[in-house]
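Peer 1: coordinates only, no sequence provided:
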Ligand code: ARG
Ligand code: GLU
């Protein structure tokens, strides 16, 4: 290589690094102006931090809502039209679905406001304001307090701050720790309670690619659904009522028809749930090399069993569809996460940092000297307890009959009480009756039997005697570790697999009936699991975790002191954040490059009428053949489906708006690329990508595919 080529290569490397690194970080909206505005504008943003977050005038934050309890949604019309992911609206779409109206399969479109569907219990939460309340919350907190004393005082202080803040309003307020409890912010919110379903594409669009494509780029999923916020006639949040009216928001997002190009500036505004970017190497090792592999193996075993039955029986496939999706989602995430940390030498990177940290700490009057050594000790002690917990949850309670029986513990406790409260008992019985209906509707016993045999075996072979619940004594002595015989005994004897017998007991339930439940083999297993946890694991684990809370708080503070020039962002904690980056593809492995966008052609390439995840409807095919994309086509003539960018997102960012330099909506976030799923622990600008649906595909489906153009008329499209 000649010198010129060499220096170009070097400057290219430096350039791409500087350029891409801007993707990392989940920033607090009220601090954007101070910390990020300049950089965002240098990266291409044409608006100001004040346009994004202001409490003095309307701003974008007035159009972002926490959807239900786990997703983000955004307002896209002056009549409160709310956009989120299909997988976020899934539960509600499912609740309205029946054999006659299978909205999951066929999609749903309200052709006018009267046809919109009510969703009892569904809420959307708007952040009204956030305030730094660190000094109030830490008032009276002393360094020498125990973690418990500290937590208690913080709770008392927080309660009085929030109470004062919302007095005389219909708002809610909550105080949350930031930077591991070094700072506290109060979040004031308004909760909307009448959220109606407006539209959802059929599953073969909204879930196209299913779990096969989940967490993967290139992606072709039309993962969106549409709702509308209603309020009382006075404009305030209200429970559903017929005379409720569409909410008139302070702000709604204009929608860009321009699409995105490589390197374009974008930002994502939403509710990331949890990240852990400031952990010591010991924690990363425990998560990625010990806990994840155990959990992955347990989930893999279950998924293989589900798959075997689901593929041979369509009814079972439907029964286990959502269980399978739940298990598969984090199974795949964990594989990606552990692989990603390994690939970026994440543990070594943390260790290198820790070496420097210790050198620095040596000159800090002994304040932080023993910190990392103490982390090491605690994580070592915690390891077997966390493994035991993982088995309890991922093996013990993954046996459906056992976790179902576990639901009856409250009833047994009530029935055993000295002063039996009949009313409470009957209330609990009612709850269990409806739970039982739901359980048996989606229960297929042969799967559960096979899961039990497999789980007992892995549990038995992988855990030390000390970490096994009592029923393993029966299994190993009386049944001589014969998993099939033990399983047969449980299923022969348990009432929890016999719907009629169970309903009978519940229908005629008297306090004394608990004796039948108490003797049930599945109930005994459940009881043993929980008792084991409560007596042998829980209190030790809590003690270690309290110790870690305190260490982590000090370590966070120390890291910030050690690098005063570094700009820190707090870990995600389900509060509103802004993350920004660039539209970009990536190299998932040597010599392979993934482009930054996908098109309808890719859907046709993936099409397979015999595979459930890859069915394409004729209607979509016709639109493709006729290139009938209207104004939603890209300037290259194709229809773009999704795009990848370097925005640092995580779970909870599902449904978040992806905005361009002007602040117009260009996409809806719904996933991350597999190679980058370790960004919850460590962000790598080379491969960490968020995945969004191109907003034009959403418009195309609503308008051209579903014929619900009247909804598009309601939106502000920008050419
Ligand atoms: N991976 C995305 C997220 O974490 C999508 C999940 C949808 N569920 C599924 N199993 N495909 O939420
Ligand atoms: N699908 C995730 C969610 O439901 C977002 C993907 C991620 O974790 O980045 O929030």
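Peer 2: Yes, it's here. Please read these numbers as outputs of a predicted model, since none were measured by experiment. Residues are numbered from 1 along each chain as shown. Ligands and ions are numbered 1, 2, ... in the order given.
Peer 1: neighbours of the residue in the chain that ligand 2 sits nearest to, how many?
Peer 2: Ligand 2 sits closest to residue 654 of the chain, with a gap of 3.0 Å, by Cβ to the nearest ligand atom. From N, CA and C alone the C-beta is placed, and that goes for glycine too. Residues contacting residue 654 under the criterion other Cβ atoms under 10 Å number 26.
Peer 1: that one touches residue 89, doesn't it?
Peer 2: No - applying Cβ atoms under 8 Å, one finds residue 654 not in contact with residue 89, separated by 10.5 Å.
Peer 1: list the contacts of the residue of the chain closest to ligand 2.
Peer 2: Counting by Cβ atoms under 8 Å, 6 or more residues apart in numbering, residue 654 touches 70-72, 84-85, 87-88, 669-671.
Peer 1: show me which of those are buried.
Peer 2: Listed as buried from these are 71-72, 84-85, 87-88, 669-671; burial here means 16 or more other Cβ atoms under 10 Å.
Peer 1: need those residues in JSON lines with secondary structure and pLDDT, can you?
Peer 2: Shown next, in JSON lines, are those (DSSP: H, G, I helix; E, B strand; the rest coil; pLDDT from 0 to 100):
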{"residue": "71", "secondary structure": "strand", "pLDDT": "98"}
{"residue": "72", "secondary structure": "strand", "pLDDT": "98"}
{"residue": "84", "secondary structure": "strand", "pLDDT": "98"}
{"residue": "85", "secondary structure": "coil", "pLDDT": "98"}
{"residue": "87", "secondary structure": "helix", "pLDDT": "95"}
{"residue": "88", "secondary structure": "helix", "pLDDT": "96"}
{"residue": "669", "secondary structure": "strand", "pLDDT": "98"}
{"residue": "670", "secondary structure": "strand", "pLDDT": "98"}
{"residue": "671", "secondary structure": "strand", "pLDDT": "98"}
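Peer 1: out of those, which touch ligand 2?
Peer 2: 670-671 (Cβ under 6 Å from any ligand atom).
Peer 1: rewinding a little: against residue 367, how distant is the residue of the chain closest to ligand 2?
Peer 2: Using Cβ to Cβ, to the nearest Å, we find residue 654 at a distance of 41 Å from residue 367.
Peer 1: hey, which helix is longest across the chain?
Peer 2: As assigned by DSSP state H, the longest helix anywhere in the chain is helix 314-343.
Peer 1: averaged pLDDT, that one. What do you get?
Peer 2: Across helix 314-343, the average pLDDT comes to 92.
Peer 1: report the contact partners of the spatially closest residue to residue 650 that is not a sequence neighbour.
Peer 2: Nearest non-adjacent residue to residue 650, counting by Cβ to Cβ, 6 or more residues apart in numbering: residue 272, 4.6 Å away. Shown in contact with residue 272 (Cβ under 8 Å, 6+ apart): 26, 572, 574, 577, 579, 649-653.
Peer 1: can you report phi and psi for residue 272?
Peer 2: phi -60, psi 140 (degrees, to the nearest 10).
Peer 1: am I right that residue 524 is in a helix?
Peer 2: Yes - under DSSP: H, G, I helix; E, B strand; the rest coil, residue 524 falls within a helix.
Peer 1: so what's it up against?
Peer 2: If a contact means Cβ under 8 Å, 6+ apart, then residue 524 has 471, 518 as its contacts.
Peer 1: just the pLDDT at it, thanks.
Peer 2: We note a pLDDT of 98 for residue 524 in this prediction.
Peer 1: so it versus residue 409, what's the distance?
Peer 2: Remark: distance between residue 524 and residue 409 (Cβ to Cβ) = 11 Å.
Peer 1: likewise residue 577?
Peer 2: Taking Cβ to Cβ, one finds residue 577 at 38 Å from residue 409.
Peer 1: which one's more surrounded, those two?
Peer 2: Neighbour count, other Cβ under 10 Å: between residue 577 and residue 409, residue 577 has more, with 27 against 15.
Peer 1: the more buried one touches residue 27, doesn't it?
Peer 2: Yes - contact between residue 577 and residue 27 holds when scored by Cβ under 8 Å: they sit 6.0 Å apart.
Peer 1: now the strands for the stretch 501-650 of the chain?
Peer 2: 577-582, 586-589, 592-594, 597-599, 640-645 (DSSP state E, counting those that start in this stretch).
Peer 1: so what strands line up beside the third one?
Peer 2: Read it as strand 592-594. Sheet pairing here is set by DSSP bridges, and for strand 592-594 it gives strand 586-589 (antiparallel).
Peer 1: what does the partner strand contact?
Peer 2: 217, 593-594, 644, 673-676, 686-687, 689.
Peer 1: would you mark the buried spots in it?
Peer 2: Under the neighbour-count criterion of 16+ other Cβ under 10 Å, strand 586-589 has 586, 588 buried.
Peer 1: what does this protein have sitting close to ligand 1?
Peer 2: Near ligand 1, when you scan the chain using Cβ under 6 Å from any ligand atom, you find 87, 211, 214-215, 325, 328-329, 651, 654, 671.
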